[in-house]
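K.L.:
Coordinates for the following, if possible.
(one chain, ligands or ions: 3)
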Amino acid sequence: MTAQLIDGNALSRQLRSEVAQRAAALTARGHQPGLAVILVGEDPASAVYVRNKVKACEDSGVRSIFEKYDADLSEAALLARIEALNADPAVHGILVQMPLPKHIDPHKVIEAIATSKDVDGYSVLSAGELMAGLDGFRPCTPYGSMKLIESTGQSIKGKHAVVIGRSNTVGKPMALLLLQANATVTVTHSGTPDLGYHTRQADIVVAAVGRANTLTADMVKPGAIVIDVGINRKADGKLCGDVDFEGVKEVAGWITPVPGGVGPMTITMLLVNTIEAAERAAAR
Ligand SMILES: NC(=O)C1=CN([C@@H]2O[C@H](COP(=O)(O)OP(=O)(O)OC[C@H]3O[C@@H](n4cnc5c(N)ncnc54)[C@H](OP(=O)(O)O)[C@@H]3O)[C@@H](O)[C@H]2O)C=CC1
Ligand SMILES: Nc1nc(=O)c2c([nH]1)NC[C@@H]1CN(c3ccc(C(=O)N[C@@H](CCC(=O)O)C(=O)O)cc3)C=[N+]21
Ligand SMILES: [Mg+2]
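P.N.:
Ligands and ions are numbered 1, 2, ... in the order given. I've put the predicted structure just below:
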């Protein structure tokens, strides 16, 4: 192995100890931060992620309000719950786990969440704030991926970053954050004819596709920083990312593992956003 491992669990531990200090300070002033996490339906992966989020809250002194509903919950009932949480001063962040059952419009749900509590950074207004370079909640996965890149100590300015994937929650905001850090950014997607042509020029690659082995060793420039957002389940039940870790680690300069890379950082940045929301509320 020539690449250095970027340890998302270790970086999460560091950042979560800061979160815990800020949570304790708020709690001492009578403003314990609170995060509402809503899960609708029985998706097993969602259940694991939600459990991780609730546990991370408990470990950091953030109060979690976990609400689990059957898959047949009506859209109107979910919107009513969000209205109630919007109005609850003890709730500073609201997260509705995606994906939702088909009869519920995710856009309606996301836009129902008060912008001041949109700790996922999924709303149109939060996305617009990011695009405009204004302060707002940044989506947790790209935000955490930036922290992982920064943890290498390498300057981002002037580097060529290639993002694979253009979803509203990962690829697009990732590209904007890299652009804000003065990288030269290329965004690729399923319509990109020769992915390797682009990634071979990249000093930084962020893979967010949802397909194992999308990035292989022959597609990576020696010394590159490789961030693997993908979460895929192999036939043996184990998790893997979008990157052929075994091959790419022999070429890259830095690489994140799956599990233990971006996943824990997503949860950490959710806590950071929640603390930020609680601090803003306490200052009002
Ligand atoms: N670790 C974490 O915390 C998180 C992990 N994830 C994981 O990250 C992955 C991506 O998530 P998400 O962005 O929500 O997924 P989406 O399915 O919404 O987006 C996938 C993107 O990949 C692109 N794509 C598909 N095939 C190719 C290809 N062959 N070459 C290049 N691009 C391709 C798609 O292109 P097009 O737009 O043209 O369809 C699309 O833009 C998933 O595995 C997901 O589970 C997601 C969130 C958090
Ligand atoms: N409203 C909303 N916000 C989200 O942030 C959101 C979402 N919906 N829907 C699904 C995706 C996915 N996501 C992950 C979070 C943690 C891990 C995570 O903890 N991963 C561990 C492994 C977990 C396991 O063992 O399965 C790791 O990579 O080490 C993964 C993925 C958040 N998402
Ligand atoms: Mg997120």
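
K.L.:
what sits against the closest residue to Lys159 other than its chain neighbours?
P.N.:
Spatial nearest neighbour of Lys159, excluding adjacent residues (Cβ to Cβ, 6 or more residues apart in numbering): Asp203 at 4.0 Å. Where C-beta positions appear, they are placed from N, C-alpha and C, glycine not excepted. Residues near Asp203 by Cβ atoms under 8 Å, 6 or more residues apart in numbering: Lys159, His160, Ala161, Lys221, Gly223, Ala224, Ile225.

K.L.:
For whichever residue of the stretch 1-150 of the chain sits closest to ligand 3, give me the pLDDT.
P.N.:
Closest residue of the stretch 1-150 of the chain to ligand 3, Cβ to the ion: Cys140 (3.7 Å). Turning to Cys140, the model gives it a pLDDT of 98.

K.L.:
Phi first, then psi, for it.
P.N.:
Phi and psi for Cys140, reported as degrees, to the nearest 10, are phi -60, psi -40.

K.L.:
Return the distance of the nearest residue to it once chain neighbours are set aside relative to ligand 1.
P.N.:
Excluding its sequence neighbours, the residue lying closest to Cys140 (Cβ to Cβ, 6+ apart) is Met269, at 4.0 Å. Remark: distance between Met269 and ligand 1 (Cβ to the nearest ligand atom, to the nearest Å) = 9 Å.

K.L.:
How about Val205?
P.N.:
Distance, Val205 to ligand 1, by Cβ to the nearest ligand atom: 12 Å.

K.L.:
What ranges does the stretch 1-150 of the chain have for its helices?
P.N.:
Counting by DSSP state H, counting those that start in this stretch, the stretch 1-150 of the chain has helices at residues 8-28, 44-60, 75-87, 106-112, 124-132, 140-150.

K.L.:
what bits of the stretch 101-250 of the chain have low per-residue confidence?
P.N.:
Applying pLDDT under 70 to the stretch 101-250 of the chain flags no residue at all.

K.L.:
Next to ligand 1, which bits of this structure? Give me the list.
P.N.:
By Cβ under 6 Å from any ligand atom, the residues of the chain that approach ligand 1 are 141, 164-167, 169-171, 188-192, 195, 208-211, 214, 229-232, 262-263, 266.

K.L.:
buried subset of these?
P.N.:
Neighbour counting with 16 or more other Cβ atoms under 10 Å marks 141, 164-167, 169-171, 188, 192, 195, 208-209, 214, 229-232, 262-263, 266 as buried within those.

K.L.:
Which of these fall in strands?
P.N.:
Members of those lying in strands (criterion: DSSP state E): Ile164, Thr188, Asn232.

K.L.:
before we move on, back to that, contacts with ligand 2 among the buried ones among the residues of the chain next to ligand 1, please.
P.N.:
Filtering these for neighbours of ligand 2 using Cβ under 6 Å from any ligand atom leaves Ile231, Gly263, Thr266.

K.L.:
and which of those residues is nearest to ligand 3?
P.N.:
The shortest approach to ligand 3 among these belongs to Thr266, at 5.5 Å (Cβ to the ion).

K.L.:
ok, the closest one touching Met146?
P.N.:
No: Thr266 lies out of contact with Met146 (Cβ atoms under 8 Å); the separation is 11.9 Å.

K.L.:
so who does Thr274 touch?
P.N.:
Here Thr274 is in contact with Pro33, Gly34, Leu35, Cys57, Val62, His92, Gly93, Val119 (Cβ under 8 Å, 6+ apart).

K.L.:
returning to that earlier point: okay, the helices of the stretch 1-150 of the chain, which one's buried deepest?
P.N.:
Greatest average neighbour count among the helices of the stretch 1-150 of the chain goes to helix 140-150 (a mean of 24), per mean count of other Cβ atoms under 10 Å.

K.L.:
now it and helix 44-60, what's the angle there?
P.N.:
60 degrees (axes from the mean of the first three to the mean of the last three Cα atoms, to 10 degrees).

K.L.:
Report the contact partners of the residue nearest to Cys140.
P.N.:
Applying Cβ under 8 Å, 6+ apart to Met269 gives the contacts Arg138, Cys140, Thr141, Tyr143, Gly144, Lys147.

K.L.:
Many thanks, have a good one.
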